[in-house]
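Asks: 3D model of this:
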Amino acid sequence: MTSRLRRATVLSMTLLFCLAPVLWAQEVGGIRGVVYDKDFGVPLASAQVQIVETGDKRTTDSEGHYVFEKVAPGTYTLIVSKEGYARQVVANSVVAAGRMAEVEASLAGEFLEMEEFVAENQELGGGTEIGLLNLRLESPSIMDAISSDLMTRAGASTAADAVRLVAGATVEDGKYAVVRGLPDRYVNSQLNGVRLPTADEDKRAVQLDQFPGALIESIQVSKTFTPDQQGDASGGAVNLVLKGIPDERILKVKVGTEYNTQAPWGGDFLSYDGGGVNFLGREDRDIPDNGLFGGTMGVAEDDAPINHNWSLTAGGKRDLDNGVRIGAFTSMYYKRDSSYYDDGVHDIYEARLDGSSYRMQPFEQYGYTSLYDVTAGVESVQWGAMGVLGAEIENHALSLLYMQTQVTEDKATLMEDTRGSLYRDALDISAPYHRNETLEYTERSQSTVQLKGRHTLEVPEYPLWRLGRTLNPGIDWTLSHSEAQMDQPDKRAFRTWWQPGREVAGLVFPAVHFGYDPSGSGNEFAQRIWKEITEESDQASLNLKLPFQQWAELEGYLKMGLFHDQVDRKYKQDGFYYEFDDTSFPAPWERRWSQVYVGEGHTITAFNDDVDYTGDQKIFAWYQMLDLPLTSYLKVIGGARFESTDLSITNLPESDNARYLPPGGTGWTQFGPEADVSFSQDDALPSLALEITPIKPVKVRGSYSQTVARQTFKELSPVMQMEYLGADIFVGNADLRMSALDNYDLRLDYEPYKGGLVSVSWFYKDVKDPIEYVQRFQASLFYTTAVNYPQGWLDGWELEVRQDLGRLWASLEGFTAGANATFIESEVTLPDDERDAFAAVGTPTSTRDMMGAPEHLYNLNLTYEHAKYRTQIGLFYSVRGDTLTEGGVALGNGYVPDVYSEEFGTLNLSILQPIREHLKIMFQAKNITNPEIKEVYRSDFVSGEATKTSYRRGIDLALGLEYEF
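Replies: Residues are numbered from 1 along each chain as shown. Just a heads-up that it's a prediction; the model follows:
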């Protein structure tokens, strides 16, 4: 607690330092220019010029002149328009301190004035921090966002990397968004506002590492629920906004290469014979029809691949003579990557009584310890492609989007336990050396087709008595089909133990390898598994917005809509094992039996406990909400969402030997129709928010809402599920209930100047029936299952500052600093059976932290931009605090303590330098601190901690070129 207080103090001082410049004056600049009639070359009077990032507007005088004074230094986008003329967008207008930027524009006449081109489904400025800050301040919900510009500077190559930059957000397992301490089931992930399916085996969460940063315009995280959002957005709704049709023609190419400091030289990269990933990351590795299984069963050393990437972006729009505006945009991305470490640790411990106190000791099963030194090599290919077509005419717009992403990984893992036995006695074979080798080739893909429409209806205005008048209503709709697929063909696991050479009574026995089958079942030491998961989503939404002016001519709106999502999942697994035939392989420890095992002609048999299933989930919802400004400084936003959930699972056992655990049953039962699961629930989810603006730069918001969290297919099915033979067993719980949450939020935003921000937020989550995992022992079998804990809560604070340092000292012109911090406390109440189990072993425990909720999150960034030379430098530091990853479990003669991921921080540096008008060069150094990623066993009843897992990722050094035609 002392170290946490010290860190909080240091961070508070940093925030105060960033706040101080708000009180200082800064030398500002401005923008001025002339707008011309392009057809006749004369100045154009009464044209409107708007700065997108600030919202400021000016009208040209009779000579076509306009001027913006007191504009903060930075890069801006101008929109120039006039009725009867085609508007012009002028991007990258640079304002320097003490200088007026000269920006001229020429407008061409047209027969029909066009509304803003909305096919890209985002506001202009959405790719800049200032534009997103404006969106944040105007949003009806509490939200945060990051732009593509900041993602590039921070070295975020995927959406998962980028989410870490958002205040209060982090990523679990490098894939799943965690917002305000609430993990995947409480976070809803969307693509352009469309809910996405997932092919994840264990979670309903979308794997964000599948989405390349090159395709993303911004990431917007709504942290409070409003009725027009999904009902399970309890922690937040993460919306990936893809790049859209630009107003100006663009053609851009990027190429780059990357090197990791841990990549071995001289052919020591861990792979296997026949391993690697081809260009497209798609291979045919189906189960052989002839029953002849080839290949190898274990790892081998090879040359490290060369990491490289490229992207292509093109697009533009065109005005047709009939008043129709059309546009198109396409973007492609490709990356070949690899990672490697040879300093990994994976140890399994338990706490056992040593006299009157508990002490951490290695866990032993059938005489074997699990104290592994780990080496792993991963080769991957990631690519993505998207295309957008759009068309609009006055008051109407249509867009069609298609996106496809592919991530293929080939991972080889070598785990060796040589710390369990010292082999001091030639006859002592307790805790022998043993080796686990795993080969995992996995293809993951995601695709979506989205058709969207947006329409403004020109209808006569109607007076609302003395309450105001109506304005033109708007309708938007979406139809989409999305698919997610995970294909893991021929995952191989091979386990052996080794006995050293020895001499007994004059007889010499050579060193020899044996199959490692700890349970004696005969099917655990050599396995091959084919697994495929497909999930499809058909989605439709319709929203009607009825804007109005109230009695004081302030604008509000009434909004209502319908939503439907049909999700279909198919899960298929086929497992095989080599029969344990008491054969052995005489060889020293350094030589691996796996290299020759397949060629020895061992018998392979299909595992007859595999259970496939199909799942179906339907969500239907309708909502109403009102945004009503009561005065110029007070607004109320409220309404309710009515949502129904129907979820069903049909199990498809592959043999009569498959078993399941009936709800409330005491033993395993053979399959029947009663093993299938059906679940339904209707919810009314209210939301009420107040927005107060006491003075123009300050906005205070408060809200209350109710949301839900759903079960996964896996968690409901009472089937015995194993990732591989001998792995931990998971059994679903057909009685599992949805969780219900009450959400309380407060936020104060202070915008001292355009682009500056000081923000303080408080949030509290009261969770009824939180879903947690526990271990059970039944019918001579340990297994993990999902249960509803009685209660849980989460309480936290967020602080954020964005500051232009040039406002403090003129010599710091071009420097911008940002900082955000989140502090979280959480707790869940253990059910009675768990409390009784802990009390029985002398470790009374009634509560613990919520899994996945970090104690704190810090993000610090410092950026620099030279106005003349256009040099951009960014330094980004992120810290994630201690996080509970596994809850403890009581055993008959002891217990396994909680497992925490320890705090670690990462530092990234990026430098971008234009070297010609259209050519840029970029250098990035990622993970400069190269921290130890470590999990530890931790308990109040044991002194000290024991390491469970540990490794380092290495430092990535990247060099890239960008050319814009």
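Asks: and the end-to-end length of stretch 546-559?
Replies: One end of stretch 546-559 to the other measures 6 Å (CA to CA, to the nearest Å).
Asks: over to stretch 855-872?
Replies: Terminal residues of stretch 855-872 lie 33 Å apart, using CA to CA.
Asks: how near is the nearest residue to K57 once chain neighbours are set aside to R835?
Replies: Spatially, and ignoring its direct neighbours in sequence, K57 is nearest to Q50 (4.7 Å; CB to CB, 6 or more residues apart in numbering). Placement of C-beta: from N, CA and C, glycine included. Noted for Q50: a distance of 62 Å to R835, by CB to CB, to the nearest Å.
Asks: repeat for E437
Replies: Using CB to CB, one obtains 41 Å as the distance from E437 to R835.
Asks: compare neighbour counts for those two and give me the winner.
Replies: Neighbours per residue, other CB atoms under 10 Å: of E437 and R835, the larger number sits with E437, 26 against 16.
Asks: quick one: mean pLDDT over the helix or strand where that one lies.
Replies: According to DSSP states H and E, E437 maps onto strand 433-456. Model confidence over strand 433-456 averages 95 on the pLDDT scale.
Asks: who are the packing partners of that strand?
Replies: Under the contact criterion of 3 or more CB pairs under 8 Å, 6 or more residues apart in numbering; DSSP states H and E, strand 433-456 touches strand 396-417, strand 474-499.
Asks: which other helices and strands does the first one contact?
Replies: Identification of packing neighbours for strand 396-417 by 3+ CB pairs under 8 Å, 6+ apart yields strand 269-271, strand 371-393, strand 433-456.
Asks: what's the average pLDDT for it?
Replies: Strand 396-417 shows a mean pLDDT of 96 in the predicted model.
Asks: tell me the strands beside it, with direction?
Replies: With DSSP bridges as the test, strand 396-417 is paired with strand 371-393 (antiparallel), strand 433-456 (antiparallel).
Asks: list the buried ones in the very next helix or strand once past the last one?
Replies: Toward the C-terminus, strand 433-456 is succeeded by strand 468-470 as the next helix or strand (DSSP H and E). Applying a neighbour-count criterion of 16 or more other CB atoms under 10 Å, one finds G468, T470 buried in strand 468-470.
Asks: which other helices and strands contact strand 468-470?
Replies: With contacts taken as 3+ CB pairs under 8 Å, 6+ apart, strand 468-470 sits against strand 526-550.
Asks: next SSE after the strand it packs on?
Replies: The C-terminal neighbour of strand 526-550 among helices and strands, as given by DSSP H and E, is strand 555-578.
Asks: compute the inter-axis angle for that following strand and strand 526-550.
Replies: With axes from the mean of the first three to the mean of the last three CA atoms, to 10 degrees as the basis, strand 555-578 and strand 526-550 are set at 180 degrees to each other.
Asks: what's the average pLDDT for strand 555-578?
Replies: When the per-residue pLDDT values of strand 555-578 are averaged, the result is 94.
Asks: what of stretch 663-671?
Replies: When pLDDT is averaged over stretch 663-671, the result is 72.
Asks: give me the helices and strands touching the helix or strand F68 falls within, please.
Replies: F68 is part of strand 65-71, with elements assigned from DSSP H and E. Helices and strands touching strand 65-71, by 3+ CB pairs under 8 Å, 6+ apart, are strand 29-37, strand 48-51, strand 57-59.
Asks: out of those, flag the one nearest K531.
Replies: Proximity to K531, assessed across these by CB to CB, is greatest for strand 48-51 (53.4 Å).
Asks: can I get that closest one in CSV? Just the C-alpha atoms.
Replies: Output of strand 48-51 as CSV, limited to C-alpha atoms (Å, rounded to 0.1, in the frame of the first residue of the first chain):
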residue,chain,number,x,y,z
GLN,A,48,-18.5,30.3,-44.7
VAL,A,49,-15.1,29.1,-43.5
GLN,A,50,-15.1,26.7,-40.6
ILE,A,51,-12.2,25.2,-38.5
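Asks: how many neighbours does the nearest residue to F941 once chain neighbours are set aside have?
Replies: Sequence neighbours aside, T843 is the residue nearest to F941 in space, at 4.7 Å (criterion: CB to CB, 6+ apart). Under the neighbour criterion other CB under 10 Å, T843 is assigned a count of 19.
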